[in-house]
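A.B. asks: A predicted structure for the sequence below; I have some questions about it.
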Amino acid sequence: MIRYVYTMAFLLVFTSIQAQDLAVLSQREQAEVIDSWLDERITNLLPQLMTETGIDMWVVISREYNEDPVIRTMLPATWMAARRRTILVMYQPTPNAPVETFAVARYDVGKAFKRAWDPEAQPNQWKALTELIASKNPKKIGLNFAKDYGHADGLTHFDYEEMAKNLPSGYPEKVVSAQTLAVRWLETRTPSEMATYRHIQQLAHNIIQEGLSERVITPGVTTTEDVVWWYREKIKSLKLDTWFHPTVDIQRPDPASKESTRSFASRPSEQVIMPGDLLHIDFGITYMRLNTDTQELAYVLKPGETEVPSYLKEAFKSGNRVQDLLTQNFVAGKTGNQILREARKMMDAEGIRGSIYSHPLGFYGHSAGPTIGMWDNQGDTPGAGDFPLHANTGYAIELNAVVFVKEWNKDVRIMLEEGAFFDGQKVTYYNGRQRSILPIPRASSYLGN
């Protein structure tokens, strides 16, 4: 507890340093941006996606506090949850035409979805929905039930049954899974979102680097859990959120300890940080509904050392090399499984040991889109791994390289993760990527392109 209080004091001393040098909008300003982005997505993106997937009517149904993962991205910023039963209906009369939007609910749902149900005239919400559907006479009715993605499987069994039994004759045959449409909606980034994502990633980088520094860490005193909770407090102090609890773990020159084989299924135990330790952080923030997912490494200098040892610098290069091999295989139309297989062939040809477990990143930290390996499966991932790569999508480039370090007489695992954007031609890291291990103490940033 004494160590924790001592470390927390740094938060008060350095509140104006690093991350707070970057703008973080007020809650009201954030809400205005979120709503403007939503309007842009519905006006400019949704028509394209409905035409692409051949679904001319998309019905999203959710009950309060049991939100469909898709509807959470369609609610206005001031709505913390759906209200009662909220039903959103999106209809495209002809391919590429603007999408008509309706709310079969007691309220307007933001500016985009105007109320299309009068409970006084039609008390039955399901009847009101089916009357609206019949008036539009769609060819395909997309509902959020899905085999491969939880993000697209938000329709409850009860609501599915209620809708099905109220549909007029001939309409149940028009119902199809909206899995692909839901995934494309979640994975595609708009120009406005992309204009801000670098800033969001820079916030995450700055917070990470401050936590992995002498401002927070006193060797021999501070523990890994002290640093974890410093991150949680720092995130809150900056009016940001996180979508997972951070992890800070240690690799050190003890051949008896096998950190490089530790399973990701269990959290590392708390340890006091000492000189000579190689620290690893796994960290993410949420800002204006977009998420980061980042892993970086730092080294605690021993007495007499002025820089990270050359043998660790060389080991680190293997991690950057795996990143390069992976991202050069990003080709529009390739599936996640194809990208993984081809990247791993190149790793094997260069004699690099390691794993690739990259994933889409956006409205969710582990978002919808092509899965590119799993930490516990370096073969094909049926379903999500078969989804093709599309332009204007974001990813967490997550992987590791395992390198034998003779000075430690053991394997060291270089675990890296960076947010990046695929524009259809190439992968660009949102705010650069870590190119060298952060020394503690230090005086400058170690991010590069």
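C.D. replies: In hand now; what should we look at? Numbers count the residues shown, from 1 in each chain.
A.B. asks: domain ranges for this structure?
C.D. replies: Using automatic domain parsing, the domains assigned to the chain come out as 2-25+191-448, 56-177.
A.B. asks: what's the first-to-last distance across stretch 382-391?
C.D. replies: 22 Å (C-alpha to C-alpha, to the nearest Å).
A.B. asks: can you pull the buried residues of it?
C.D. replies: Residues of stretch 382-391 classed as buried under the neighbour-count rule (16 or more other C-beta atoms under 10 Å) are 384-385, 387, 389-390. Every residue, glycine included, has its C-beta placed from N, CA and C.
A.B. asks: which of those residues sits closest to E307?
C.D. replies: Minimum distance to E307 across the buried residues of stretch 382-391 is 38.8 Å, recorded for L389 (C-beta to C-beta).
A.B. asks: contacts only, for the closest one.
C.D. replies: 330-336, 339, 369-370, 422 (C-beta atoms under 8 Å, 6 or more residues apart in numbering).
A.B. asks: from those residues, which two are the most distant?
C.D. replies: By the measure C-beta to C-beta, V331 and G369 form the most distant pair in the contacts of L389, at 14.8 Å.
A.B. asks: list the residues that contact the spatially closest residue to T393 that is not a sequence neighbour.
C.D. replies: Excluding the flanking residues, the one nearest T393 by C-beta to C-beta, 6 or more residues apart in numbering is E187, at 4.8 Å. For E187, the contact set (C-beta under 8 Å, 6+ apart) comprises 360, 362, 367-369, 390, 393-394.
A.B. asks: and V331 and G369? which has more neighbours close in?
C.D. replies: Using other C-beta atoms under 10 Å, the more surrounded residue of V331 and G369 is G369, with 26 against 14.
A.B. asks: OK, contacts around that one?
C.D. replies: Taking C-beta under 8 Å, 6+ apart as the test, what G369 contacts is 183, 186-187, 336, 359-360, 387, 389-390, 393, 395.
A.B. asks: before we move on, which element is D39 in?
C.D. replies: Element membership of D39 [criterion: DSSP states H and E] is helix 27-40.
A.B. asks: so where is the stretch 1-150 of the chain shaky, pLDDT-wise?
C.D. replies: Along the stretch 1-150 of the chain, the model assigns pLDDT under 70 to residues 1-20.
A.B. asks: which residue ranges of it form strands?
C.D. replies: Using DSSP state E, counting those that start in this stretch, the strands of the stretch 1-150 of the chain run over 57-63, 85-91, 100-104, 114-115, 141-143.
A.B. asks: how about the ones you listed, which one is nearest A298?
C.D. replies: A298 lies closest to strand 57-63 among the strands of the stretch 1-150 of the chain, at 42.4 Å (C-beta to C-beta).
A.B. asks: the closest one vs strand 100-104, what angle?
C.D. replies: 30 degrees (axes from the mean of the first three to the mean of the last three C-alpha atoms, to 10 degrees).
A.B. asks: S177 pairs with what?
C.D. replies: Going by DSSP bridges, S177 is paired in beta bridges with L143.
A.B. asks: rewinding a little: among the contacts of L389, which are located in strands?
C.D. replies: Taking DSSP state E as the definition of strands, the contacts of L389 contribute F422.
A.B. asks: great, nothing more from me.
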